[in-house]
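S.K.: Any chance you could fold what I've pasted below:
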Amino acid sequence: MMNLASIRRGPRETPISVVLYGPEGIGKSTFGAGAPNPIFLGTEDGTAQLDVASFPSPSKFADVLEAVASLANEEHEFKTLVLDTLDWLEPLIHAHVCKTNGKNSIEAFGYGKGYVLALDEWRKLLAAVGELRAKGMNVVMLAHSRVKGYHNPAGDDYDRYTMKLHEKAEQLVKEWADAVLFATYKVVTHEDERGKVKAFGDGSRVAYTEHRPAWDAKNRYGLPFEIPLEWSEFEAAAREKSPKSVEALKERFTNLVATASTDLASKAQKNLEKVGNDARKLTQLINWLTAKLSETAQ
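M.R.: Now for the predicted structure:
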């Protein structure tokens, strides 16, 4: 009932909804396999070496909806649905739209109308997995990345990583998720005495949680800007709300401020006074300060 007695206050722990995208072979399926009691849905072979449960490979979009409905309506032990991958799913949606409307390809509609119709099917899927979340299941969506040119209205155009999806579908999925993470390999660059930049890496895999010009990401969990590409690390950061975490965040903030210029340190301290003991806002402040320090070092 919608009355004053129904009002809720404060943060509530809810099932996780996360989209993770990145290059092939980086460990997206392994990330999903680390979630609580997962079941995979998709045609990707990334789970062949993983000890996980999975549905048979769907051949049409109706199979996907049927599988999701079975999780919503039948008794089971699974706690996480992993869609592996969204770019595998998109052709099934396009084929469904074409068959329903008597077209031989999604481009045959003309003027992008086919992709607009496909959004209705994406919304059906998101509504279906939303029912799973309402019943307490986590939802993990995986996708491959690609490099795509970006038209920058404020300056020069540049390339950036995006999901391997049509941009309309990508935007819808990003809006739905509580977290969109970009997975990549940790790379450090160094400019030698001749001005030549070299890249170094030890194979470490990380996930970025915030938007940058080179990629898109977001989160509503107050995550650190960079986390190891492991479910346990992600979930621990997403669930952390204890007072102890506030003290740890403030200690980290203090250590960062010690390396900042006088002006930047002063601005950071003023922002800290506004943030207080809000763990999420503290994390956002630390991410901001880390980015500023990185810009200064370049």
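S.K.: Need the contact partners of stretch 266-285.
M.R.: Stretch 266-285 is touched from outside by 221-224, 240-241, 243, 245-246, 249-250, 253, 256-257, 260, 288-289, with contacts defined as Cβ atoms under 8 Å, 6 or more residues apart in numbering. Every residue, glycine included, has its C-beta placed from N, CA and C.
S.K.: Narrow these to those in helices?
M.R.: Among the contacts of stretch 266-285, the ones falling in helices (DSSP state H) are 243, 245-246, 249-250, 253, 256-257, 288-289.
S.K.: Among these, give me the pair with the biggest separation.
M.R.: Maximum pairwise distance among the ones in helices among the contacts of stretch 266-285 (Cβ to Cβ): 22.5 Å, between 243 and 288.
S.K.: Nearest to residue 181 among the ones in helices among the contacts of stretch 266-285?
M.R.: Relative to residue 181, the closest of the ones in helices among the contacts of stretch 266-285 is residue 288; by Cβ to Cβ it sits at 18.8 Å.
S.K.: Spit out the contact partners of the closest one.
M.R.: Going by Cβ under 8 Å, 6+ apart, the list of residues near residue 288 reads residue 271.
S.K.: Using CSV, write out the CA atom coordinates for the top helix by length along the chain.
M.R.: In terms of residue count, the longest helix belonging to the chain (DSSP H) is helix 113-134. Extracted as CSV, the C-alpha positions of helix 113-134 are listed here (Å, rounded to 0.1, in the frame of the first residue of the first chain):
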residue,chain,number,x,y,z
LYS,A,113,13.6,1.1,-37.4
GLY,A,114,14.6,-2.5,-36.9
TYR,A,115,16.9,-1.6,-34.0
VAL,A,116,14.2,0.5,-32.4
LEU,A,117,11.8,-2.5,-32.6
ALA,A,118,14.6,-4.7,-31.1
LEU,A,119,14.6,-2.5,-28.0
ASP,A,120,11.1,-3.7,-27.2
GLU,A,121,12.5,-7.3,-27.0
TRP,A,122,15.4,-6.1,-24.9
ARG,A,123,12.9,-4.5,-22.5
LYS,A,124,11.0,-7.9,-22.3
LEU,A,125,14.3,-9.6,-21.3
LEU,A,126,15.2,-6.9,-18.7
ALA,A,127,11.7,-7.1,-17.2
ALA,A,128,12.1,-10.9,-17.0
VAL,A,129,15.4,-10.8,-15.2
GLY,A,130,14.0,-8.0,-13.0
GLU,A,131,11.6,-10.6,-11.7
LEU,A,132,14.5,-12.8,-10.8
ARG,A,133,16.1,-9.9,-8.8
ALA,A,134,12.7,-9.4,-7.1
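S.K.: Which secondary structure elements does whichever helix or strand comes after that helix sit against?
M.R.: Once helix 113-134 ends, the next helix or strand along the chain (criterion: DSSP states H and E) is strand 138-150. In this structure, strand 138-150 packs against strand 17-22, helix 28-33, strand 80-84, helix 86-101, helix 113-134, strand 158-163, with contacts taken as 3 or more Cβ pairs under 8 Å, 6 or more residues apart in numbering; DSSP states H and E.
S.K.: Show me which residues of the fourth one are buried.
M.R.: Going back to what we said before, that points to helix 86-101. When neighbours are counted by 16 or more other Cβ atoms under 10 Å, the buried residues of helix 86-101 are found to be 86-90, 92-94, 96-98.
S.K.: Now pLDDT too, for these, in TSV please.
M.R.: Compiled in TSV, the buried residues of helix 86-101 are given as follows (pLDDT from 0 to 100):
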residue	pLDDT
86	96
87	94
88	92
89	95
90	96
92	96
93	97
94	97
96	97
97	97
98	96
